[in-house]
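*Asks:* A predicted structure for the sequence below; I have some questions about it.
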Amino acid sequence: MHRDRCFETVTGRGGFETGVYRCRDPEIRGGDALRRSGTAAAAADGGARQCLAPPKRKAFPGGFGSRRYARLMIGIVSALAMGASMSTGYCQTQLTTMVFQGVQNLPLFAAQQKGFFAKHSLAVDQRIAPNSQELREGLAQGRYQLVHTAVDNAIAMAEQAKVDIVVVLGGDNGWNDFIVQPEINGYADLRGKTVVVDAPDTAFAFQLYQMLKLHGIGLSEITVKPVGATRFRIQAMTTDKSAAAAMLNLPFSFQAQQAGLKKLATAVDVIGPYLATAGFMLRSWARENPDTLVRYIAAYVEGLRWVMQPSNRNESIAMLANGLNISQDMAERSYAVAVDPQNGFARDAKIDMAGFRNVLKLRAELHGDWGGTPPAPEQYLDLSYYDRALAQLK
């Protein structure tokens with residue numbers, strides 16, 4: 001990216017320069033942030049967006065009365081007459097996001113490394129979440145502008161913490177497997193045992209509870225131990241035999257089996273469709289930064305499309321291996337699941353509405369929200385930003 005491409009020249013009559021620059025991003029300049037040539041300008045939205053300094057003017061070699069200057073002006077006038085335009089670049093928008101570690105981040109790896117964020121004038125600092133509490137509190141308190149995680153975390157923010165969030169794009173079904181210690185041969189063997197979860201009242205914990213419930217085991221018959229993100233759950237199970245079961249996603253479920261643990265079942269095979277990864281943020285932030293959000297979604301979708309191209313398979317696998325610090329074989333196996341036409345990434349990160357309804361159903365049944373009757377998912381959605389982003393890409 002070029003620092004001297006943040007501003008555009010304000011032109012006067014006849015298309016000639018006025019000597020004034022303004023930020024190209026209308027969200028930053030707010031219609032009145034004109035900056036004189038050679039001066040630095042910065043405008044921030046909560047510290048998230050900044051405009052870099054415009055290029056400094058240099059004296060024209062030979063002076064403005066020289067033949068060289070005359071030839072240049074003739075060229076410029078000719079170009080303007082033909083309707084030519086010269087792009088002066090873009091402003092850089094700074095965003096801090098939070099995600100959980102896992103294969104679900106592959107589109108983000110691609111958006112970052114293949115330049116799709118940069119193409120849409122974004123500089124994205126992606127943070128790894130230690131647990132859902134930090135992710136939710138950080139979003140509510142403004143440390144992160146946008147997060148990608150299980151959509152049930154968004155519902156927990158809205159219903160428990162009373163934070164006005166909005167979901168704007170989907171992702172995947174979570175690829176969660178019910179992983180158990182090798183001596184566990186069936187659900188019945190989990191009675192009286194300890195299961196480890198991220199947090200006891202969100203997302204994949206509800207998947208685990210529902211799978212047990214469908215096999216006749218209630219919450220009163222197990223001990224629930226919160227330990228944090230998936231990487232901490234696999235650590236707990238491989239270092240403590242009393243941690244009998246957990247929900248693990250890719251690539252951790254493969255790593256668990258490689259370490260001698262056992263897969264009892266795949267979540268969606270037991271509980272039905274499920275919307276796991278989704279992108280959401282504070283509704284107020286989305287309203288105040290619509291163009292930034294549309295650009296972010298466009299960059300994400302371009303990253304996802306790139307990942308799904310068979311010609312990019314090898315490079316995508318390398319991104320997974322490097323980004324998650326896993327072996328080539330583990331990355332290949334994970335990639336195969338992630339791009340599967342039936343159970344892989346949702347096409348263009350479209351929201352799985354049946355999966356979203358199931359998320360709400362599980363929370364209503366297992367946590368008692370809404371008096372046990374789940375609401376329609378539309379109240380948490382605003383797909384206008386997604387629709388604008390897709391329209392730009394087509």
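*Replies:* It's in.

*Asks:* now for this structure, the helix or strand with the poorest mean pLDDT.
*Replies:* When each helix and strand of the chain is scored by mean pLDDT, DSSP states H and E, strand 34-36 comes last, with a mean of 31.

*Asks:* domain parsing of this protein, as residue ranges.
*Replies:* As given by automatic domain parsing, the domain ranges for the chain are 3-81, 94-169+275-393, 177-271.

*Asks:* rank those domains by pLDDT, which is bottom?
*Replies:* Ranked on mean pLDDT, the bottom entry among these is domain 3-81, at a mean of 46.

*Asks:* where do the strands sit along the chain?
*Replies:* Under the criterion DSSP state E, the chain contains strands at 7-11, 17-23, 34-36, 49-50, 92-99, 122-128, 146-150, 165-169, 177-180, 194-197, 223-226, 243-248, 262-266, 277-282.

*Asks:* looking at those strands, which is closest to D348?
*Replies:* For those, proximity to D348 was assessed by CB to CB; strand 165-169 is nearest, at 8.7 Å. (Glycine included, C-beta is placed from N, CA and C.)

*Asks:* and that closest one with strand 277-282, angle?
*Replies:* Strand 165-169 and strand 277-282 are oriented at 140 degrees to each other (axes from the mean of the first three to the mean of the last three CA atoms, to 10 degrees).

*Asks:* between strand 146-150 and strand 165-169, find me the angle.
*Replies:* Using the same axes, to 10 degrees: strand 165-169 against strand 146-150 is 80 degrees.

*Asks:* dump strand 165-169 to PDB, restricted to CA.
*Replies:* Coordinates of each C-alpha in strand 165-169 appear next as PDB, following Å, rounded to 0.1, in the frame of the first residue of the first chain:
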ATOM      1  CA  ILE A 165     -25.500  -6.900  18.200                       C
ATOM      2  CA  VAL A 166     -26.200  -7.700  14.600                       C
ATOM      3  CA  VAL A 167     -25.200 -10.800  12.500                       C
ATOM      4  CA  VAL A 168     -24.100 -10.000   9.000                       C
ATOM      5  CA  LEU A 169     -22.600 -13.100   7.400                       C
END
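
*Asks:* and the contacts of it?
*Replies:* 139, 151, 154, 157-158, 278-283, 286, 293, 297, 300-301, 349-351, 380-383, 385-386 (CB atoms under 8 Å, 6 or more residues apart in numbering).

*Asks:* mind doing that once more with 6 Å?
*Replies:* 154, 157-158, 278-280, 283, 286, 297, 349, 380-382, 385-386 (CB atoms under 6 Å, 6 or more residues apart in numbering).

*Asks:* what's the answer for stretch 264-278, then?
*Replies:* 104, 148, 150-151, 167, 170-174, 176-178, 180, 207, 210-211, 352, 354-356, 358-359.

*Asks:* stretch 301-316 now?
*Replies:* Outside stretch 301-316, the residues touching it (CB under 6 Å, 6+ apart) are 106-107, 110-111, 114, 116, 335, 339, 348-349.

*Asks:* can I get the domains of the chain in a markdown table with mean neighbour count?
*Replies:* Output for the domains of the chain, formatted as a markdown table (neighbours: other CB atoms under 10 Å):
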| stretch | mean neighbour count |
| --- | --- |
| domain 3-81 | 14 |
| domain 94-169+275-393 | 19 |
| domain 177-271 | 19 |
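
*Asks:* need the phi and psi values for D340.
*Replies:* As for D340, its main-chain torsions (degrees, to the nearest 10) stand at phi -60, psi 130.

*Asks:* check the gap between it and V99 for me.
*Replies:* 21 Å (CB to CB, to the nearest Å).

*Asks:* swap in T93?
*Replies:* From T93 to V99 the distance is 18 Å (CB to CB).

*Asks:* do the same with L108
*Replies:* 7 Å.

*Asks:* then R127?
*Replies:* From R127 over to V99 (counting by CB to CB), the distance is 7 Å.

*Asks:* what do you get for Y386?
*Replies:* 18 Å.

*Asks:* please apply the same query to N358.
*Replies:* Taking CB to CB, one finds N358 at 22 Å from V99.

*Asks:* how about T292?
*Replies:* Counting by CB to CB - T292 and V99 are separated by 18 Å.

*Asks:* same check, this time on F254
*Replies:* From F254 to V99 the distance is 19 Å (CB to CB).

*Asks:* what does Y380 give?
*Replies:* For Y380, the distance to V99 - CB to CB - is 19 Å.

*Asks:* so where do the helices sit in the stretch 51-200 of the chain?
*Replies:* Assigned by DSSP state H, counting those that start in this stretch, the helices in the stretch 51-200 of the chain fall at 67-81, 106-113, 116-119, 132-140, 151-159.

*Asks:* what packs against the last one?
*Replies:* Spelled out, it's helix 151-159. Helix 151-159 sits against helix 132-140, strand 165-169, with contacts defined as 3 or more CB pairs under 6 Å, 6 or more residues apart in numbering; DSSP states H and E.

*Asks:* in TSV: the ones you listed, plus distance to H367.
*Replies:* Below are these laid out as TSV (distance: least, CB to CB, whole Å):
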stretch	distance to H367
helix 132-140	14
strand 165-169	17
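
*Asks:* the ones you listed: which one's closest to M247?
*Replies:* Taking these one by one with CB to CB, helix 132-140 is closest: 13.0 Å.

*Asks:* just want the angle from that closest one to strand 277-282.
*Replies:* Using the same axes, to 10 degrees: helix 132-140 against strand 277-282 is 40 degrees.

*Asks:* what sits up against helix 132-140?
*Replies:* 98, 129, 144, 147, 149, 153, 157, 163, 198-199, 202.

*Asks:* what angle sits between it and strand 122-128?
*Replies:* Going by the same axes, to 10 degrees, helix 132-140 makes 150 degrees with strand 122-128.

*Asks:* now do the contacts for S253.
*Replies:* D177.
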